[in-house]
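Novice: Structure for this input, please:
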Amino acid sequence: MMRALLCHELGEISKLEVGETGRPVIGADQVRIGVKASGVNFADILMVEGKYQVKPALPFVPGLEAAGEVLEVGADVGDHVEVGDRVLAFAGHGGAHAEEVVVPGGIVAKIPDAMDYVTAAALPVAHGTAQFALDYRGQLKAGETLLVLGAAGGVGLAAVEVGKLLGARVIAAASSAEKLEQARQHGADELVNYREENLRGRVRALTDNQGVDVVFDPVGGDAFTQSVRCIAWEGRILVIGFASGDIPKVAANMILVKNFSVMGVVFGEHCSRFPDDSRALLGKLLDGWSAGLIRPQVMETCGLDGAQAALSKVANRRAVGKLIITY
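Specialist: Take a look at the predicted model:
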């Protein structure tokens, strides 16, 4: 048996409980990890509410990213990971908010000796999504201009860092001066407070009316609508999620007139379909961390008993950076 955060019925976060459950069964292509830290994400909330693209059978353990020590390796897993290795992993079907998690072996990556587990647990979802979105999907190039919406959340700050790692000029947009200061500390070149400024007007002014080459949007709603108005010719809008709760629409004639693209970004499904490629993307992030260019922002840590409160902070958009559960 092991301790875990348990979801017995879909609905409110307040119904989550910490309790004992059986250890997950390991398959031939999987790895068992003794969890030392797990990251809290907005997708955890969607999963508990039954709104996520993956709907595990009840009861289930939420949690999409973990760091810890390898306890067991399935017979069909390659030689890139061994028992005793310190690793991080993406758990696309949940299960990370527990003392043990079983994940596909292909997307388990060893972490540098100098990296602690809390930092490692902050990387797979936010930075993995940002790397996949900007490098693989958006094809962001050095010298291009990137607009990051929701730039102070975990995935937003990650996008700021990855954008700078790829050589872009980064415009960070968020809803308060405090949040924008965090984005600036993580490398943002320009700041836009979209509660006090018109996003479209400010971005066009910052780009000499040319617009931005790439938009990274985990927010949706009105911010997305305004970003469509300030995208450059042949720009790319990357749809990460809808933290605002509003799923926007875009007119096809606008896509045609500016020859721009709107692209979906689902890193978890990519991990399932292309694990080796996904592990390589995580490897780029680990190299960036070793070089001092990637610095996950951890707002606070808590034990498993504080997990429900941590998820509530993310749900109410009171998190600046990542919240991490430790074991």
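
Novice: Please count neighbours and contacts with C-alpha atoms only from this point.
Specialist: OK.

Novice: Quick check, central residue of this protein?
Specialist: Nearest to the geometric centre of the chain sits Ala126, at 2.2 Å (CA atoms, centre = their mean).

Novice: OK, contacts around it?
Specialist: The contact partners of Ala126, by CA atoms under 8 Å, 6 or more residues apart in numbering, come to 154-156, 158.

Novice: Show the pLDDT at it.
Specialist: Ala126 carries a pLDDT score of 93 in this model.

Novice: residue ranges of the strands in the stretch 101-250 of the chain, please?
Specialist: In the stretch 101-250 of the chain, the segments counted as strands under DSSP state E, counting those that start in this stretch are 108-110, 145-148, 169-174, 190-193, 212-217, 231-239.

Novice: which helices and strands does the shortest one pack with?
Specialist: Read it as strand 108-110. Applying 3 or more CA pairs under 8 Å, 6 or more residues apart in numbering; DSSP states H and E, one finds that strand 108-110 makes contact with strand 86-90, helix 275-290.

Novice: 6 Å instead, please
Specialist: strand 86-90 (3 or more CA pairs under 6 Å, 6 or more residues apart in numbering; DSSP states H and E).

Novice: Now do the strand it packs on: distance to the chain's middle.
Specialist: Relative to its chain's centre, strand 86-90 lies at 15 Å (CA atoms, centre = their mean, to the nearest Å).

Novice: quick one, that strand and helix 275-290 angle?
Specialist: Orientation check (axes from the mean of the first three to the mean of the last three CA atoms, to 10 degrees): strand 86-90 against helix 275-290 gives 120 degrees.

Novice: I'd like the average pLDDT over strand 86-90.
Specialist: Mean pLDDT, taken over the full extent of strand 86-90, equals 96.

Novice: Make residue 1 into 23 and carry on from there
Specialist: Taking 23 as the first residue, the last one we looked at is strand 108-112.

Novice: Tell me which other helices or strands it touches.
Specialist: Right, strand 108-112 is packed against strand 87-95, strand 130-132 by 3+ CA pairs under 6 Å, 6+ apart.

Novice: contact partners of it?
Specialist: For strand 108-112, the external contacting residues (CA atoms under 6 Å, 6 or more residues apart in numbering) are 86-91, 130-133, 142, 146.

Novice: I'd like the distance from Gly243 to Thr229, if you could.
Specialist: 23 Å (CA to CA, to the nearest Å).

Novice: between the two, who's got more neighbours?
Specialist: Higher neighbour count among Gly243 and Thr229: Gly243, with 17 against 14, using other CA atoms under 10 Å.

Novice: Could you tell me how many residues sit around the nearest residue to the more buried one once chain neighbours are set aside?
Specialist: The shortest distance from Gly243 to any non-neighbouring residue, by CA to CA, 6 or more residues apart in numbering, is to Asp268 (4.7 Å). By other CA under 10 Å, 13 other residues sit near Asp268.
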